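**Student:** how would this look folded up:
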Amino acid sequence: MLNCKKNKCQIVIFQTFAHIFATMTFVKNKIINKQNVNMKKIVNYIVPALSLVAIVFSVAAFNKTCAATQSTNSVTAITSTNAVNAGQPVDLTYAAEKALPTVVYIKNTQNSKMQTVEYSDPFADFFSDPFGGFFGRGNNGKQKRQVQTPKRVAAGSGVIISTDGYIVTNNHVVDGADELTVTLNDNKEYSARIIGADKTTDLALIKIDGKNLPAIVIANSDDVKVGEWVLAVGNPLGLNNTVTAGIVSAKARTMGEGVSSMIQTDAAINQGNSGGALVNTSGQLIGINAMIYSQTGSNIGYGFAIPTTIMNKVVDDLKKYGTVQRAMIGIRGIDANLYVDAEKEKGNEVDLGTMEGIYIAEVVEDGAAEDAGLKKGDVITHIDGQKVTKFGELTGIIAQKRPGDKISISYLRDKKKHNATLTLKNEQGNTSVVKNADTDMLGADFRPVTKQQMEQLDIKYGLEVVKVNGGKMKDAGVPKGFIILRVNSQPMRTFEDLQEAVKEANASKEQMLVINGMFPTGKRAGFVIYLQNE
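**Tutor:** Next up, the predicted model:
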């Protein structure tokens with residue numbers, strides 16, 4: 001009985017039967033008064049018969065009422081098909097069948113290493129050293145010692161995006177790995193190598209040597225709507241090949257630092273889901289699961305995924321350049337409504353002409369916004385004709401751009417609309433392509449110092465320059481035999497430390513390495529290396 005109001009129907013039936021029995025009682029009494037005792041038998045047959053007829057008519061009327069209700073809703077269904085479809089149960093089995101084979105289990109193994117750690121001396125305040133640390137208690141009570149770190153194993157998820165073995169996951173899933181092992185849905189294992197990783201977006205691209213692998217279909221996350229059903233697929237808490245369901249709770253959600261334009265979902269996401277797939281009801285990828293918001297460390301209904309629009313651009317950059325080409329608009333800002341609310345709390349009345357958009361709190365010197373004439377106090381309302389109501393939406397749009405790309409913006413100044421065209425810049429303030437700097441550009445070979453060198457020079461770590469072939473090291477005058485102790489204040493214990501320092505410096509505005517170390521004689525010295533080409 002579709003769309004029938006059950007309670008109302010019950011009342012109708014109750015009232016109908018009451019009327020029937022009241023009528024039959026009256027008839028029966030009247031007949032008894034007029035007929036003799038022999039007629040009682042006839043009455044006993046007639047009363048049930050009449051009751052049956054009345055019930056039939058009552059049911060017919062009841063069915064007609066329900067049919068009328070059903071007919072009315074049928075007209076609604078014709079004029080509002082989407083509303084009816086949205087109300088139907090959603091079958092997610094197709095999406096699960098499509099997505100499960102494309103999601104992999106990733107094991108991150110970090111081997112045991114010698115590491116120098118700093119710790120506080122709890123007795124420093126009781127036994128202060130008047131000789132400034134001559135007896136080993138200097139440096140404000142802080143001490144250093146070398147420890148052997150245990151072997152560590154962590155796990156996460158990843159998504160196969162091409163049949164030849166490219167896999168997208170989170171940067172934090174593969175960060176620091178000495179070995180990466182990928183297990184497919186059919187339990188086949190592969191060794192993986194990192195193609196590139198980006199801490200800002202928390203995305204990484206890895207590769208396994210495989211053919212005809214099940215690759216997921218990638219959808220446009222801009223088409224995702226709040227309220228639509230989604231599945232989170234991954235390997236949470238060691239439970240491999242797990243599927244959970246929920247809806248899209250919000251879009252363009254800002255969460256912490258970095259590119260924050262996340263898809264929020266209430267599909268259960270837990271430890272181990274990182275790097276897994278968030279898919280629509282067609283089993284198409286709309287996001288890479290990245291984080292949860294929880295005070296307990298377990299899912300409480302707030303999970304976040306990196307949209308595919310950002311993922312696609314990061315993957316393309318890592319393949320082509322080895323590093324992400326990050327475009328900068330050159331402002332620091334806040335949602336307009338948040339700015340107005342903050343000013344009201346201070347007792348200030350503010351009228352920006354809108355409560356939607358991005359309030360510019362600061363314009364970065366020599367940035368794209370300054371070049372286009374934007375000023376503090378302006379409110380950005382549209383980018384490339386697309387309305388932006390909050391900072392997460394702006395971040396999501398800019399994250400899809402590269403330095404040198406042009407964007408058109410609309411903004412309010414003193415409540416009047418203005419338009420401008422911006423040429424986006426990189427973090428160095430220009431439109432050049434940022435190449436993935438590595439130690440090859442230094443033009444030298446390195447090795448960790450030996451135990452004998454540590455004893456002779458009284459050092460705990462260092463990298464020896466064993467050969468200078470040319471490149472930046474030669475240009476800066478760094479000689480063979482020089483022992484590098486620190487680069488940009490970071491200790492150099494392994495070759496990987498140097499690689500990371502070069503990578504971070506190349507992404508910075510200065511693009512500079514400050515090297516501190518010593519010659520084999522023990523004399524200390526320093527050099528400065530500029531990574532950018534003159």
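**Student:** When you work out contacts or count neighbours from here on, use the C-alpha atoms and nothing else.
**Tutor:** Noted.
**Student:** what residues does stretch 236-251 touch?
**Tutor:** With contact meaning Cα atoms under 8 Å, 6 or more residues apart in numbering, stretch 236-251 is reached by 96, 100, 103, 105, 156, 185, 225-235, 261-273.
**Student:** 7 Å - rerun?
**Tutor:** Here stretch 236-251 makes contact (Cα atoms under 7 Å, 6 or more residues apart in numbering) with 100, 226-235, 262-268, 270-273.
**Student:** Show me just the buried residues among the residues you listed.
**Tutor:** Those of the contacts of stretch 236-251 that meet the buried threshold are 100, 229-235, 262-268, 270-273, by 16 or more other Cα atoms under 10 Å.
**Student:** In strands, which of these fall?
**Tutor:** 229-234, 262-265 (DSSP state E).
**Student:** With pLDDT as extra columns, can I get these in CSV?
**Tutor:** Converted to CSV, those look like this (pLDDT from 0 to 100):
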residue, pLDDT
Trp229, 97
Val230, 97
Leu231, 97
Ala232, 97
Val233, 97
Gly234, 96
Met262, 95
Ile263, 96
Gln264, 96
Thr265, 96
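**Student:** need the residues you listed in JSON lines with distance to Thr421, can you?
**Tutor:** Shown next, in JSON lines, are those (distance: Cα to Cα, whole Å):
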{"residue": "Trp229", "distance to Thr421": "38"}
{"residue": "Val230", "distance to Thr421": "37"}
{"residue": "Leu231", "distance to Thr421": "39"}
{"residue": "Ala232", "distance to Thr421": "39"}
{"residue": "Val233", "distance to Thr421": "41"}
{"residue": "Gly234", "distance to Thr421": "42"}
{"residue": "Met262", "distance to Thr421": "26"}
{"residue": "Ile263", "distance to Thr421": "29"}
{"residue": "Gln264", "distance to Thr421": "32"}
{"residue": "Thr265", "distance to Thr421": "35"}
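**Student:** What is the neighbour count of the residue nearest to Lys387 when sequence neighbours are not counted?
**Tutor:** Nearest residue to Lys387, sequence neighbours excluded (Cα to Cα, 6 or more residues apart in numbering): Thr381, at 5.9 Å. For Thr381, the tally of surrounding residues (other Cα atoms under 10 Å) stands at 25.
**Student:** wait, is Thr381 part of a strand?
**Tutor:** Yes. The assignment for Thr381 by DSSP: H, G, I helix; E, B strand; the rest coil puts it in a strand.
**Student:** Check it and give its pLDDT.
**Tutor:** Listed pLDDT for Thr381 reads 98.
**Student:** So it sits against Tyr411, correct?
**Tutor:** Yes. Judged on Cα atoms under 7 Å, Thr381 makes contact with Tyr411 at a distance of 5.3 Å.
**Student:** Walk me through which strands the longest strand anywhere in the chain pairs with, and which way each runs.
**Tutor:** In terms of residue count, the longest strand belonging to the chain (DSSP E) is strand 242-253. Using DSSP bridges, strand 242-253 pairs in its sheet with strand 229-234 (antiparallel), strand 262-265 (antiparallel).
**Student:** closest one to Pro89 among those strands?
**Tutor:** strand 229-234 (10.7 Å; Cα to Cα).
**Student:** what sits up against that closest one?
**Tutor:** By Cα under 7 Å, 6+ apart, the residues outside strand 229-234 that reach it are 100, 103, 157, 240-248, 267, 273, 276-281.
**Student:** can you do 6 Å?
**Tutor:** Strand 229-234 has contacts (Cα atoms under 6 Å, 6 or more residues apart in numbering) with 157, 241-247, 273, 276-280.
**Student:** any chance of those residues in CSV, with pLDDT and distance to Arg493 too?
**Tutor:** Listed next are those as CSV, based on pLDDT from 0 to 100; distance: Cα to Cα, whole Å:
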residue, pLDDT, distance to Arg493
Ser157, 97, 30
Asn241, 91, 39
Thr242, 96, 40
Val243, 97, 42
Thr244, 96, 43
Ala245, 96, 46
Gly246, 96, 46
Ile247, 97, 47
Asn273, 94, 33
Gly276, 97, 33
Ala277, 98, 37
Leu278, 98, 39
Val279, 98, 42
Asn280, 97, 46
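**Student:** now for the residues you listed, which pair is the farthest apart?
**Tutor:** The span of those, defined through Cα to Cα, is set by Ser157 and Ile247 at 20.7 Å.
**Student:** neighbour-wise, which of the two wins?
**Tutor:** In this view Ser157 and Ile247 are compared by other Cα under 10 Å, and Ser157 has more residues nearby, 31 against 18.
**Student:** Looks like that one contacts Ile106 (just checking).
**Tutor:** Yes. Using Cα atoms under 6 Å, Ser157 makes contact with Ile106 at a distance of 5.4 Å.
**Student:** what's the overlap in contacts for the two?
**Tutor:** By Cα under 6 Å, 6+ apart, no residue touches both Ser157 and Ile106.
**Student:** Helices along this protein, start to end?
**Tutor:** 6-34, 39-79, 81-87, 93-99, 171-174, 308-320, 336-345, 368-371, 391-398, 451-457, 471-476, 495-507 (DSSP state H).
**Student:** buried residues in the last one?
**Tutor:** Residues of helix 495-507 classed as buried: 495, 497-499, 501-503, 505-507 (neighbour count, 16+ other Cα under 10 Å).
**Student:** Quick one: low-confidence residue ranges for this structure.
**Tutor:** 1-88, 115-144, 256-259, 435-438, 533-534 (pLDDT under 70).
**Student:** Recalculate using a threshold of 80.
**Tutor:** Along the chain, the model assigns pLDDT under 80 to residues 1-89, 113-146, 255-260, 294-301, 428, 434-440, 470, 507-509, 532-534.
**Student:** returning to what we had before: ok, so of the buried residues of helix 495-507, who is nearest Asn419?
**Tutor:** Distances from Asn419 to the buried residues of helix 495-507, taken by Cα to Cα, are shortest for Ala507, at 31.3 Å.
**Student:** Of the contacts of strand 229-234, grab the buried ones for ChimeraX.
**Tutor:** Remark: buried members of the contacts of strand 229-234, expressed as a ChimeraX selection using 16+ other Cα under 10 Å:
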select :157,241,242,243,245,246,247,273,276,277,278,279,280
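**Student:** which of the contacts of strand 229-234 lies closest to Met512?
**Tutor:** Ser157 (35.4 Å).
**Student:** Report the buried residues of stretch 160-168.
**Tutor:** Neighbour-count burial for stretch 160-168 flags 160-162, 164-168 (criterion: 16+ other Cα under 10 Å).
**Student:** What is the most widely separated pair among those residues?
**Tutor:** Asp164 and Val168 (12.9 Å).
**Student:** circling back to that earlier point, turn the buried residues of helix 495-507 into CSV, columns for distance to Leu424.
**Tutor:** Listed next are the buried residues of helix 495-507 as CSV, based on distance: Cα to Cα, whole Å:
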residue, distance to Leu424
Phe495, 35
Asp497, 32
Leu498, 31
Gln499, 28
Ala501, 26
Val502, 25
Lys503, 22
Ala505, 21
Asn506, 19
Ala507, 16
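**Student:** Please identify which pair of those residues lies farthest apart.
**Tutor:** Phe495 and Ala507 (18.9 Å).
**Student:** Show me the one of the strands paired with strand 242-253 that comes nearest Gln453.
**Tutor:** strand 229-234 (47.9 Å).
**Student:** where's the closest one relative to the chain centroid, distance-wise?
**Tutor:** Distance of strand 229-234 from its chain centroid, counting by Cα atoms, centre = their mean, to the nearest Å, is 13 Å.
**Student:** Quick check: bridge partners of Val147?
**Tutor:** Judged by DSSP bridges, the bridge partners of Val147 are Gln115.
**Student:** any idea how far Met114 is from it?
**Tutor:** Separation of Val147 from Met114 (Cα to Cα, to the nearest Å): 6 Å.
**Student:** go on, Arg152?
**Tutor:** Using Cα to Cα, one gets 13 Å for the distance from Arg152 to Met114.
**Student:** returning to what we had before: so which of the buried residues of helix 495-507 comes closest to Ala342?
**Tutor:** Ala507 (33.9 Å).
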